[in-house]
Structure formats: structure tokens, C-alpha cells
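*Asks:* Any chance you could fold what I've pasted below:
(chains A and B)
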There are 2 protein chains.
Amino acid sequence: MGQISERRDGCSIQGTLDVIGDRWTLLILRDLFRGVRRFSQLEDNLGIAKNLLASRLSKLVAADIVTKIPYQDRPIRHEYFLTRKGRDLSPSLVALMRWGDRWCNDRTPPTLLVHSECGTPLNQITQCPTCDESLDPDEIRSRPGPGASVGS
Amino acid sequence: MGQISERRDGCSIQGTLDVIGDRWTLLILRDLFRGVRRFSQLEDNLGIAKNLLASRLSKLVAADIVTKIPYQDRPIRHEYFLTRKGRDLSPSLVALMRWGDRWCNDRTPPTLLVHSECGTPLNQITQCPTCDESLDPDEIRSRPGPGASVGS
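*Replies:* Reported below is the predicted structural model:
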């Protein structure tokens, strides 16, 4: 049972990495979060080859993370938008970026994520909603969830 | 300047993925967060080949994310512990897992992360410390940080 749970549980982390674990994909997602919409803009911003960008975008569309909407008919051109599933990747990108800010960029990050209204750099907190406390890694435990396998 | 900032900024996300973007590495880290310490336990839990496990652990030790401490002399055997840098990956693993819970496991996750003291499933919040509000992705903006390149 442990084994089966471990494997299914892997999906929650591995499943995410299957989608965003590719370097170009992450940078594309980052740009979409920043409001870049068009193929040519992504291409210019990222310095990525057309075929790589096209294949990454197709995968994201197939995974329902990105949706494309035509803005021009002849020739047909699309704009790319994050779906709800895609926007839900925001905390993952924020967390990966904050770790990199700290451990790759020596706490002097080239880009800050701020609250649009007041400009304050954001915080990301792991929290217990009952105790209303932020949690250290030591205070986090795993326990079987509703999807845990029973027996095999 | 935009280009250079983009590239350096890539490091904060890409740098993280360089370390944890590998599927086995993520599962090893997950097990270390759960208190697994020994090579043989990791091997059994993950069903990973010895040589793969050894190479992933070596990389994590070289990156100062994991430290190894001998617990036995003949033959020499080590226990593996997360360093401060490694423990700081907790929010990234939590975020990746929560996305997978929702989008790969249909909100019935096989494992829940809970507060050790009271057993409540944890929350992860992106927050503005000035306004004391949790932020939607739409309310997040990027601006140049202290490490942004100026000129050229």
C-alpha cells in the first residue's frame, strides 16, 4: 500500500513537472503571466527558435493551460492566454522564483513581484488556517488524503 | 537592457529548475522532507536504481541542498539531511504538489500536508504584507529589482 500511495502521490508533484518542468515552458508561462500575448513577442523576448516555441505552446494548449484566440484572419494569427488551470500555476512560479532569487541571485533579484495596487514586494506564506500561523517546514507533516489507496 | 534583465531573471526560475527539475530529484527531496534519511530507505521507497539514486544525491550534496553525515564506520554509511538551502525549497514543493492535487488528482489527493500540531491541512498564500491581503495572479506585477542590469 505504501508503494502504491507513493506512486500516486508522485503524480501531484511529477504531474506538475510534466507540464512545467521544461525550461522554455517555464519562461513562456512567466511571459504569459506578465501579459505577453503574441507569438512574435514571445519569440523576441525569449530568443527562442520558432519551432521550439510552437511545440511548447501546442503542448500547453493541449494540456488546457493556455488557450489561443485569433486576432487576425489573413494570415491567421492568435493571441495566447492562460486558462484557469494555467493561472493556478502562479504560486508554483512565485515559489520557484523566490528560491532562485535567494539562492542563485544572492537576494538581489533582477525582478521583483509586487502588489499591483501598492507596489509592495509580495510574500508567499505556508499557513495553518486553524492556528492562523505561518508554518516552518518542520511543522509540516504528511498524512493519507481522500485519494489514498487502501490495500492493493 | 530588457533582454539582459530577462535573461538574468531567468536564473531565478531556471536556476531552481536546474536543481529540482529532475523527477527523481523531486521525489528524493520529498522523502527527505518526510524524514527519510538513509540510502536504502530512499531506494526502497522510490524503487530507484542504486546508481541513479547515488548520482542524484551527489548532485544535491554538491549543490549544498543536502548534507551527509556518517552513522556507521565499517562499512561507511551516511544519513542524508536537508540543509537550510534545501529546507528553503519547501514552498516550491508545496506549490507544485498543490497544483498536482488539483489538476492531476481531481482534488482527491493521496497525501495531505497538514500542520503537525493540530492536523489541519495547510494553506499556501501569496500575500501583500502592506495591505494584508492575499493576492490573485492578476494583482501581481513585475518590476526591476535591486539586481536589474542598467544600460547596455
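*Asks:* Counting neighbours, what do you get for A:Thr108?
*Replies:* 10 (other C-beta atoms under 10 Å in any protein chain shown). Quick note: C-beta positions are derived from backbone N, CA and C, even for glycine.
*Asks:* Does chain B have contacts with stretch A:32-39?
*Replies:* Yes - under the criterion of C-beta under 8 Å from any C-beta of the partner chain, chain B is reached by stretch A:32-39 at A:Phe33, A:Arg34.
*Asks:* Can you get me the start-to-end distance on that stretch?
*Replies:* Distance between the two ends of stretch A:32-39: 11 Å, counting by C-alpha to C-alpha, to the nearest Å.
*Asks:* for stretch A:108-121, same thing?
*Replies:* 13 Å.
*Asks:* Buried residues, it. List them.
*Replies:* A:Pro109, A:Pro110, A:Thr111, A:Leu112, A:Leu113, A:Val114, A:His115 (16 or more other C-beta atoms under 10 Å in any protein chain shown).
*Asks:* and if you look at stretch A:40-52?
*Replies:* A:Leu42, A:Asn45, A:Leu46, A:Ile48.
*Asks:* send the alpha carbons of that stretch over as PDB?
*Replies:* What follows is stretch A:40-52, C-alpha atoms only, in PDB (Å, rounded to 0.1, in the frame of the first residue of the first chain):
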ATOM      1  CA  SER A  40       6.300  37.100 -32.200                       C
ATOM      2  CA  GLN A  41       6.600  38.900 -28.900                       C
ATOM      3  CA  LEU A  42       7.400  35.600 -27.100                       C
ATOM      4  CA  GLU A  43       9.900  34.800 -29.800                       C
ATOM      5  CA  ASP A  44      11.600  38.200 -29.400                       C
ATOM      6  CA  ASN A  45      11.500  38.300 -25.600                       C
ATOM      7  CA  LEU A  46      12.900  34.800 -25.100                       C
ATOM      8  CA  GLY A  47      15.200  34.500 -28.100                       C
ATOM      9  CA  ILE A  48      13.600  31.000 -28.700                       C
ATOM     10  CA  ALA A  49      13.500  29.300 -32.100                       C
ATOM     11  CA  LYS A  50      10.100  29.400 -33.900                       C
ATOM     12  CA  ASN A  51       9.700  25.600 -33.900                       C
ATOM     13  CA  LEU A  52      10.500  25.200 -30.200                       C
END
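*Asks:* That one vs chain B: in contact?
*Replies:* Yes - Stretch A:40-52 reaches chain B (C-beta under 8 Å from any C-beta) through A:Asn45, A:Leu46, A:Gly47.
*Asks:* Save these as JSON lines, and put in distance to A:Pro137, secondary structure and pLDDT too.
*Replies:* Conversion of those to JSON lines gives the following (distance: C-beta to C-beta, whole Å; DSSP: H, G, I helix; E, B strand; the rest coil; pLDDT from 0 to 100):
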{"residue": "A:Asn45", "distance to A:Pro137": "35", "secondary structure": "helix", "pLDDT": "92"}
{"residue": "A:Leu46", "distance to A:Pro137": "33", "secondary structure": "helix", "pLDDT": "92"}
{"residue": "A:Gly47", "distance to A:Pro137": "36", "secondary structure": "coil", "pLDDT": "93"}
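*Asks:* any idea where the strands of chain A begin and end?
*Replies:* A:66-72, A:77-82, A:111-115, A:123-128, A:133-134, A:140-144 (DSSP state E).
*Asks:* B:Leu96: which of the ones you listed is closest?
*Replies:* B:Leu96 lies closest to strand A:123-128 among these, at 13.0 Å (C-beta to C-beta).
*Asks:* Can that closest one be said to contact chain B?
*Replies:* Yes - judged by C-beta under 8 Å from any C-beta, strand A:123-128 comes into contact with chain B through A:Asn123, A:Gln124, A:Ile125, A:Thr126, A:Gln127, A:Cys128.
*Asks:* Since that was my last question, I'll sign off now.
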